[in-house]
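Colleague: no sequence on hand, only this structure:
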């Protein structure tokens, strides 16, 4: 199962929180406020915020009303770039990495279909911005978003295996206030 790490999950949640706060007040947000508001342990969040600052997602402001704010428009920050900044490359199968060796490469019957799925996942993550996540959470519960696999299937084309039509692509993100 492809799954986000807690660090990537927390980073996306925090960036979404910054986007919401900037939309509401335009003020910088403290790490403590994000930790309390999102239920993220402060020591973990502090390290993530430092990394998000070094990788160009956040800027820090010092002083009485200091804290962090987004360095870029939330429409221009994709889920893919945040996940890569925190976790490194996303790899569905080891044969997609440059320095891997697989003894079955000559006989592998699933490499091409898995590569299509891998590329579709990357395109899907690239197409979802922090702004999209913010708008998605603001939409009415009466209009549920399409299941991620529906979007994935539309990007990847027809899925020929019934095993791939279940909940194989789900993150560990849970709803938070």
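Modeller: Nice, I can see it. Source: prediction; values computed, not measured.
Colleague: show me what contacts residue 69?
Modeller: When contacts are counted by C-beta atoms under 8 Å, 6 or more residues apart in numbering, residue 69 touches 18, 22, 27, 28, 29, 58, 59, 61. From N, CA and C alone the C-beta is placed, and that goes for glycine too.
Colleague: ok, the residue nearest to residue 105 when sequence neighbours are not counted - contacts?
Modeller: Once flanking residues are discounted, residue 105 sits nearest to residue 95: 6.4 Å by C-beta to C-beta, 6 or more residues apart in numbering. Going by C-beta under 8 Å, 6+ apart, residue 95 touches 102, 105, 108, 111, 114.
Colleague: swap in 10 Å and give it another go.
Modeller: Residues counted as contacts of residue 95 (C-beta atoms under 10 Å, 6 or more residues apart in numbering) are 101, 102, 104, 105, 108, 110, 111, 114, 115, 118.
Colleague: read off the pLDDT value for it.
Modeller: Looking at residue 95, its pLDDT stands at 74.
Colleague: can I get the buried part of the contacts of residue 69 as one ChimeraX selection?
Modeller: Buried subset of the contacts of residue 69, written as a ChimeraX selection, criterion 16 or more other C-beta atoms under 10 Å:
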select :18,22,28,29,58
